[in-house]
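> model this:
(chains A, B, C and D)
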Number of protein chains: 2
Amino acid sequence: MPLEPKTPAPTVAVEDYAKAIYALSHDGRDAVATTALAERLDVTPASASAMVKRLDEMGLARHAPYHGVELTDRGLQLALEVIRHHRLLELYLAESLGVPWDRVHDEAEVLEHVLSEELEELIAVKLGDPERDPHGDPIPSRDLEIVELPTDTLASLEPGARGRFVRISDSDPHMLRYLAERGIAPGADFEIVDKQPFGGPSFARFGDAVHVLGGELASRMRVEVER
Amino acid sequence: MPLEPKTPAPTVAVEDYAKAIYALSHDGRDAVATTALAERLDVTPASASAMVKRLDEMGLARHAPYHGVELTDRGLQLALEVIRHHRLLELYLAESLGVPWDRVHDEAEVLEHVLSEELEELIAVKLGDPERDPHGDPIPSRDLEIVELPTDTLASLEPGARGRFVRISDSDPHMLRYLAERGIAPGADFEIVDKQPFGGPSFARFGDAVHVLGGELASRMRVEVER
DNA sequence: GTTCAAAGTTAGGCATGCCATAATTTCGGC
DNA sequence: GCCGAAATTATGGCATGCCTAACTTTGAAC
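Here you go, the predicted structure:
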């Protein structure tokens, strides 16, 4: 029996690079600058350059020197697989184990790289093949399809606007805790009551209470606007 | 603020060595031979020797050259912590996610090294601070106490003996699957019906059915004998 | 006590993986 | 065509953990 040219299992670093490229390519497929990648992963551009070269050799990315990286189909698959792991884990940890909303990200960040396909499947089934994680991020389906809905930021809305808060980046625990403490979670409907200009806070009514949402926070909160 | 002389997090290999030393020292504290360690971990004696030296330098073991290794208190703690992770995970995977009995070991083997203390705690609480894993192995308590009950092997019993099957090593999936298929699990009461000499099979009645248990299997099944 | 095999150790290397600094090249707008 | 920014290469370091080969120690047999 001839030995297959077995692909070695991707390392954690490789998976992180694939995820980062995916995220920076606007969840799609345009080219990503080495420097942007380096910054996001907190390494020097030289290191990122070297890794990108490796991803290319591994067939996970196409690297046009001086012109950025793109994921290949296989690279995209890898990225989506890891993201599926991450988001399923986030939801699972929150729902089944009661890990606080603002803590699930860090746990998932580690576990995503070691989750077996078998466990992934059991978790997905147990959760009923969910489509979004606790932060409102879409979970790639079993066959790695993902639907990224275009959204607005809450900060962009003027007083009188109504909508639904649908999503927020999972990477800033402080913002998450702040929102969690106030009972604001993806899925909540709101109405903009007031807004200060120049990056100032928005005042939004969620249920009965009006909350003050600082400019930075408001610009991270993704919303669907009621038309 | 002066920097603490922070101990670097133990690597997976270090944790595995600590576990192996613990297991080979008869769940206790006598010295373990380098070669035995090497064999169990499937490395050469030279490699084991080098690693043992490192454990010593890390303060996890005491290595008396040519006279074996023992775990220090810290090493023992580390081993028990990892074992607690492993066994809690085994039970959790089996109970909460429905991972088959004969598969939980391999999954736990990976996850034990990355489980955070927070998750460990949530799992322990969710399971109600269990004392045994699905194979009947005792789970170290929160403060890392562990009670290893002395047991006999089923193979050592003569016809007429009655007892309870309490434990079997988790590391051989084939045996586990064999038992699982026959509905034999730790906790089951049995009676020895017949036994062939010279490592031959034992015939044991579990419930209504009499099962044939080959010599090797029977000698791995730990039992409490009814007095 | 000497001897000798087994057990154990050291010496020296190798492979992987990932990062860094420094020096150089390329790009693209002006 | 020049120039600064972006990116790349060239080199090297460090951690891990394994191996083989050669040596040392131990302890039991005699």
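> what's the spacing between the helix or strand where A:R54 lies and its chain's center?
Secondary structure assignment for A:R54, by DSSP states H and E: helix A:45-57. Its chain's C-alpha centre and that of helix A:45-57 lie 23 Å apart, by C-alpha atoms, centre = their mean, to the nearest Å.
> in the one helix or strand A:A79 maps to, what's buried?
Here A:A79, judged by DSSP H and E, is contained in helix A:73-97. Of the residues in helix A:73-97, A:75-94, A:96-97 count as buried by neighbour count, 16 or more other C-beta atoms under 10 Å in any protein chain shown. C-betas here are computed from N, CA, C, even on glycine.
> Where do the helices of chain A begin and end?
A:12-24, A:34-41, A:45-57, A:73-97, A:104-111, A:117-127, A:173-181, A:215-220 (DSSP state H).
> could I get those as CSV with distance to B:V14 and mean pLDDT?
Formatted as CSV, the helices of chain A follow (distance: least, C-beta to C-beta, whole Å; pLDDT from 0 to 100):
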stretch, distance to B:V14, mean pLDDT
helix A:12-24, 18, 97
helix A:34-41, 27, 97
helix A:45-57, 27, 97
helix A:73-97, 26, 97
helix A:104-111, 18, 96
helix A:117-127, 25, 97
helix A:173-181, 30, 89
helix A:215-220, 40, 90
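> quick one: pLDDT of A:R29?
With respect to pLDDT, A:R29 scores 63.
> need the helices of chain A in a markdown table with distance to DNA strand D, can you?
Shown next, in a markdown table, are the helices of chain A (distance: least, C-beta to the nearest atom of the strand, whole Å):
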| stretch | distance to DNA strand D |
| --- | --- |
| helix A:12-24 | 11 |
| helix A:34-41 | 3 |
| helix A:45-57 | 3 |
| helix A:73-97 | 16 |
| helix A:104-111 | 17 |
| helix A:117-127 | 23 |
| helix A:173-181 | 27 |
| helix A:215-220 | 23 |
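> I figured A:L213 hits A:F206, correct?
No. With contact defined as C-beta atoms under 8 Å, A:L213 does not count as touching A:F206 (9.8 Å).
> So if I had to pick from those two, which one is more boxed in?
Taking other C-beta atoms under 10 Å in any protein chain shown, A:L213 and A:F206 do not tie; A:L213 has more neighbours (26 against 18).
> How about the contacts made by the residue nearest to the more buried one when sequence neighbours are not counted?
In this structure, A:L213 finds its nearest non-sequential neighbour in A:S202, 4.9 Å apart by C-beta to C-beta, 6 or more residues apart in numbering or on different chains. Neighbour list for A:S202: A:154-155, A:157, A:192, A:194-196, A:212-213, A:215, A:218 [criterion: C-beta atoms under 8 Å, 6 or more residues apart in numbering or on different chains].
> cool, and A:G160?
Counted by C-beta under 8 Å, 6+ apart, A:G160 has contacts A:191-192.
> do the same with A:H86
A:108-109, A:112, A:133.
> Just the pLDDT at A:P5, thanks.
Predicted confidence (pLDDT) for A:P5: 54.
> Could you do A:M1 as well?
Per-residue confidence (pLDDT) for A:M1: 47.
> Tell me which residues are up against stretch A:122-140.
So stretch A:122-140 is contacted by A:80-81, A:83-84, A:86-92, A:94-96, A:101, A:104-105, A:141-142, A:146-149, A:165-170, A:176, A:185-187, A:222, B:97-99 (C-beta under 8 Å, 6+ apart).
> Now do it: distance to the chain's middle.
13 Å.
> Can you point out the buried residues in it?
Using 16+ other C-beta under 10 Å as the test for burial, stretch A:122-140 gives A:122-124, A:126, A:130, A:132-140.
> Looking at those residues, which is nearest A:L60?
Using C-beta to C-beta, A:P140 comes nearest to A:L60 of the buried residues of stretch A:122-140, at 16.7 Å.
> what about A:G75, distance to A:V110?
A:G75 sits 22 Å away from A:V110, going by C-beta to C-beta, to the nearest Å.
> ugh, wrong one, I meant A:A124
19 Å.
> Could you do A:P8 as well?
In terms of C-beta to C-beta, A:P8 sits 21 Å off from A:V110.
> For chain A, list the residues in contact with DNA strand C, please.
A:8, A:11-14, A:41-44, A:46-47, A:50-51, A:54, A:66-67 (C-beta under 7 Å from any atom of the strand).
> again, 6 Å this time
Counting by C-beta under 6 Å from any atom of the strand, chain A comes close to DNA strand C at A:8, A:11-14, A:43-44, A:46-47, A:50-51, A:66-67.
> Can I have the buried ones of these as a ChimeraX selection?
Buried members of these can be picked out in ChimeraX with the line below, counting by 16+ other C-beta under 10 Å:
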select /A:14,43,51
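> if we take the residues of chain A next to DNA strand C, which one ends up nearest to B:E117?
Here the nearest of the residues of chain A next to DNA strand C to B:E117, counting by C-beta to C-beta, is A:V12; it sits at 20.6 Å.
> show me what contacts the closest one?
Per C-beta under 8 Å, 6+ apart, neighbours of A:V12: A:H113.
> Equivalent analysis for A:E158, please.
A:192, A:195.
> next one: A:P10
A:18, A:58, A:60, A:78.
> how about these in JSON lines, adding distance to B:A161?
As requested, the contacts of A:P10 are exported to JSON lines (distance: C-beta to C-beta, whole Å):
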{"residue": "A:A18", "distance to B:A161": "59"}
{"residue": "A:M58", "distance to B:A161": "59"}
{"residue": "A:L60", "distance to B:A161": "60"}
{"residue": "A:L78", "distance to B:A161": "56"}
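> from those, which single one is nearest DNA strand C?
A:M58 (9.5 Å; C-beta to the nearest atom of the strand).
> show me the contacts for the closest one.
By C-beta under 8 Å, 6+ apart, the residues touching A:M58 are A:7, A:10, A:14.
> Mind doing that once more with 7 Å?
Listed by C-beta atoms under 7 Å, 6 or more residues apart in numbering or on different chains, A:M58 has no contact partners.
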